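**Student:** got a sequence here, can you model it:
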Amino acid sequence: MNLFADIRALVIESLGALVAEDALPEGLDFTNVTVEPPRDPAHGDMATNAAMVLAKPAGMRPREIATGLAAKLAEDARVDQAEVAGPGFLNLRLMPFVWQGVVKSALQEGVGFGRSDMGQGQKVNVEFVSANPTGPLHVGHTRGAVFGDALASLLDFTGHDVTREYYINDGGAQVDVLARSVYLRYLEANGQEVAFEDGTYPGDYLIPVGKALKEKVGDAYVGKDEQHWLQDVREFATEAMMQLIRADLAALGVEMDRYFSEKSLYGSGRIEEAIAKLQERGLIYKGVPEPPKGKMPEDWEPREQTLFRSTAHGDDVDRPIMKSDGSWTYFAPDIAYHYDKIARGYDALIDVLGADHSGYVKRMKAAVEALSDGQVPLDIKLIQLVRLFRNGTPFKMSKRAGTFVTLRDVVDQVGRDVTRFVMLTRKNDAPLDFDFARVLEQSRDNPVFYVQYAHARVCSVMRKARVAGHDVSDAALQGADLGKLDHEAELTLAKKLAEWPRLVEIAARGHEPHRVAFYLYDLAGTFHALWNKGNELHGLRFLQEDDEATSQAKIALIRATAVVISAGLAILGVTPAEEMR
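**Tutor:** Numbering: from 1, shown residues only. Modelled structure (predicted):
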């Protein structure tokens, strides 16, 4: 049930009736007609812009259209009042039974309340994390992992066919550095003194990898030139790091559907195939790239290279895909990787990247547009930095990692659920402050606690109701006399529940899972307000002595609230709390 969609359908139907009566001209486009909550709740329950968007094409004044539309809408039993405001806005107030019906729908549909077929089975690839396999995931990766996983769940909830994918960056020079760093730990495991030079990875996390390599090959690589061991150690180290990364993701509750190796593109002909596709479109040429903007690198020289004419598809400059020495730039395998996604039949692609990849956006969108003939959209979501604090003081770095705070550091200290929720309390392109002490506070200022406390309070009422002998089974609550929910505070909570299906679709369209976290906080606030009023007014208490029917109705309302909280938390990958500790 999506009440806002239902009322919009009523508005469109009423507009059609006005057309049939010649009160509106034929041929009007109703696409941009919306029904949404008014900015000020005092103005009503819903508002429509119909008169404002149709006035110009209809050649009429907005108030004239709004007045006729208001009369039509008022004929519907669901509409209590339809009032014209200002130059032609139309505010609606709905009958109480409409909001009571939302409660019943939430109970009948359970955690599926708010699900939609908006996606119509569209195949979507969400690529996220994709960290270099050179060490454990750090806190920045944590935010990207939570965002990508929650976005995938949100799209699944709205009828998309989603694939979660991790791109293993194992084709670059950084993996050689990893291999050399592991080799040093291997020598150390063989009893030798070693020194980590600049450019190697000194973190303690490589100690067990060096020991494992010794267990596998003994001293076979000791004293040998790297030509004898580099390739083998590279593969061994990459696999060891990917096992560590998979374990880190599992600790965060993230499970990928597919891992794709960059290295698999080399020597397979797939890079050449993708570039040939661009060549066919006249988008590959020889030329000298423009000098980098900003501070000029000392080693930059104007050399002829093979370029992709990305400016033909919205980029600022054309991009090199092959260096003057004939080797591929890093951009070439990225093009091939996305071409592989297109070839796999995805209808839409989403890349979740760190904010340091902002320069990557236009060139990659240009490549995907060119390779798919504009048929496969690519949305790139940039994840801003996470700033770590403890009681307002910047948090120190991790000795284990050597240079950064790891995903495990965060999860081990505050837990998976807290980590995931907090990572979604800001929009992805805004910096996020993560205070290890404050995220565990039991206060309204801590959104994790505030939402979980609402769910736990509902569970507490349910337990007390059973002890008191009330039938609070789902079947009984679905049959409750919801007409007894007539207080403004109760209807306000029901109205907030009605926003959930609409919110889910808005969040999915914008690829914005943080909206779910924001909504849950607001819903929890509305619930807690009703709870507090019950402390003042006996008639608002959820358990009414010697009144089974009224108690069932009130419990039905808060049970529906818990259902929506559970559904929202499931999208975020958070387990709802049944009691607070």
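**Student:** show me what the host helix or strand of residue 276 is packed against.
**Tutor:** Per DSSP states H and E, residue 276 falls inside helix 270-280. If you count contacts as 3 or more CB pairs under 8 Å, 6 or more residues apart in numbering; DSSP states H and E, helix 270-280 packs onto helix 331-343, helix 361-371. (C-beta placed from N, C-alpha, C; glycine too.)
**Student:** off-centre distance for it?
**Tutor:** Offset of helix 270-280 from its chain centre (CA atoms, centre = their mean, to the nearest Å): 32 Å.
**Student:** and what of stretch 569-581?
**Tutor:** On CA atoms, centre = their mean, the centre of stretch 569-581 falls 17 Å from that of its chain.
**Student:** give the buried residues for that stretch.
**Tutor:** 569-574, 576-577 (16 or more other CB atoms under 10 Å).
**Student:** report the two of the residues you listed separated the most.
**Tutor:** Of all pairs drawn from those, the greatest distance, 16.4 Å, lies between 571 and 577 (CB to CB).
**Student:** flag the shaky bits of this protein, pLDDT-wise.
**Tutor:** Within the chain, the segments meeting pLDDT under 70 span 294-300, 396-403.
**Student:** and the residue lying closest to residue 290 once chain neighbours are set aside, what does it touch?
**Tutor:** Spatial nearest neighbour of residue 290, excluding adjacent residues (CB to CB, 6 or more residues apart in numbering): residue 317 at 5.0 Å. Contacts for residue 317 (CB atoms under 8 Å, 6 or more residues apart in numbering) come out as 289-290, 310-311.
**Student:** 10 Å instead?
**Tutor:** Counting by CB atoms under 10 Å, 6 or more residues apart in numbering, residue 317 makes contact with 289-293, 307, 310-311, 362-363.
**Student:** what sits against the most centrally placed residue in the chain?
**Tutor:** In the chain, the residue lying closest to the centroid (CA atoms, centre = their mean) is residue 151, at 2.9 Å. Listed by CB under 10 Å, 6+ apart, the contact set of residue 151 reads 124, 126, 128, 162, 164, 350, 352, 379, 381, 424, 428, 507-508, 511-514, 571.
**Student:** confirm that residue 442 sits in a helix.
**Tutor:** No: assessed by DSSP: H, G, I helix; E, B strand; the rest coil, residue 442 does not belong to a helix; its assignment is coil.
**Student:** measure residue 34 to residue 27 for me?
**Tutor:** Distance from residue 34 to residue 27, counting by CB to CB, to the nearest Å: 20 Å.
**Student:** quick one: which of the two has more around it?
**Tutor:** Remark: of residue 34 and residue 27, residue 34 carries more neighbours, 14 against 8, as counted by other CB atoms under 10 Å.
**Student:** and the helix holding residue 276, which residues are buried?
**Tutor:** Judged by neighbour count using 16+ other CB under 10 Å, the buried positions of helix 270-280 are 270-271, 274-275, 277-278.
**Student:** wait, which of the residues you listed is closest to residue 229?
**Tutor:** Proximity of those to residue 229 was ranked by CB to CB; the top entry is residue 271 with 27.4 Å.
**Student:** for the closest one, which non-adjacent residue is closest in space?
**Tutor:** Spatially, and ignoring its direct neighbours in sequence, residue 271 is nearest to residue 336 (4.2 Å; CB to CB, 6+ apart).
**Student:** same question, residue 381
**Tutor:** Nearest residue to residue 381 in three dimensions, chain neighbours excluded: residue 352, at 5.0 Å (CB to CB, 6+ apart).
**Student:** now residue 369
**Tutor:** In space, and not counting its chain neighbours, residue 369 is closest to residue 313: 4.6 Å by CB to CB, 6+ apart.
**Student:** burial count for that neighbour?
**Tutor:** When neighbours are counted by other CB under 10 Å, residue 313 registers 19.
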